[in-house]
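Engineer: The following block contains a protein sequence and its predicted model.
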Amino acid sequence: MARVSTILRGLILDIDGVGIGVGDLVLYATLVSLTMLQYVMHNFTFAQGALASSASLIGILIGLFITFKYILPIKKYAPALPIPILLGSIPLIYLATITI
């Protein structure tokens, strides 16, 4: 059993006793990149795409702050995806509403 936890330990980024899965970090980066690509593909300027990507990144960071500050102390374990992905998707949701 100790061997399995040692192997899986490489899949978690541990900072001051708080661990976050590497897969979560990959998904955050993918969401920011997807936001940029979608804005550029819908004929927005590069600056508008970069602004939307920045807004997505800020949403992710705010979601992580909410998760770590308010949910993690209560439950001692919390998924790191739902709130950051929801807030990080706001620029994509906005794009979907204005291009319909």
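Structural biologist: Received the coordinates, thanks.
Engineer: what about residue 32, neighbour count?
Structural biologist: 20 (other Cβ atoms under 10 Å). Glycine gets a C-beta too; all of them are placed from N, C-alpha and C.
Engineer: So which bits of stretch 75-87 are buried?
Structural biologist: By neighbour count on 16 or more other Cβ atoms under 10 Å, the buried set for stretch 75-87 is 80-81, 83-85, 87.
Engineer: From one end of that stretch to the other, what's the distance?
Structural biologist: The straight-line separation of the ends of stretch 75-87 (Cα to Cα, to the nearest Å) is 21 Å.
Engineer: outside of stretch 14-30, which residues touch it?
Structural biologist: 11-13, 60, 68, 72, 80-81, 84-85, 88 (Cβ atoms under 8 Å, 6 or more residues apart in numbering).
Engineer: Kindly reformat these as JSON lines containing secondary structure.
Structural biologist: Shown next, in JSON lines, are those (DSSP: H, G, I helix; E, B strand; the rest coil):
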{"residue": "11", "secondary structure": "helix"}
{"residue": "12", "secondary structure": "strand"}
{"residue": "13", "secondary structure": "strand"}
{"residue": "60", "secondary structure": "helix"}
{"residue": "68", "secondary structure": "helix"}
{"residue": "72", "secondary structure": "helix"}
{"residue": "80", "secondary structure": "coil"}
{"residue": "81", "secondary structure": "coil"}
{"residue": "84", "secondary structure": "helix"}
{"residue": "85", "secondary structure": "helix"}
{"residue": "88", "secondary structure": "helix"}
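Engineer: Serialize these to CSV and add fields for pLDDT and distance to residue 30.
Structural biologist: Shown next, in CSV, are the contacts of stretch 14-30 (pLDDT from 0 to 100; distance: Cβ to Cβ, whole Å):
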residue, pLDDT, distance to residue 30
11, 77, 17
12, 78, 19
13, 75, 16
60, 96, 11
68, 87, 21
72, 84, 23
80, 86, 14
81, 91, 12
84, 96, 12
85, 96, 10
88, 97, 10
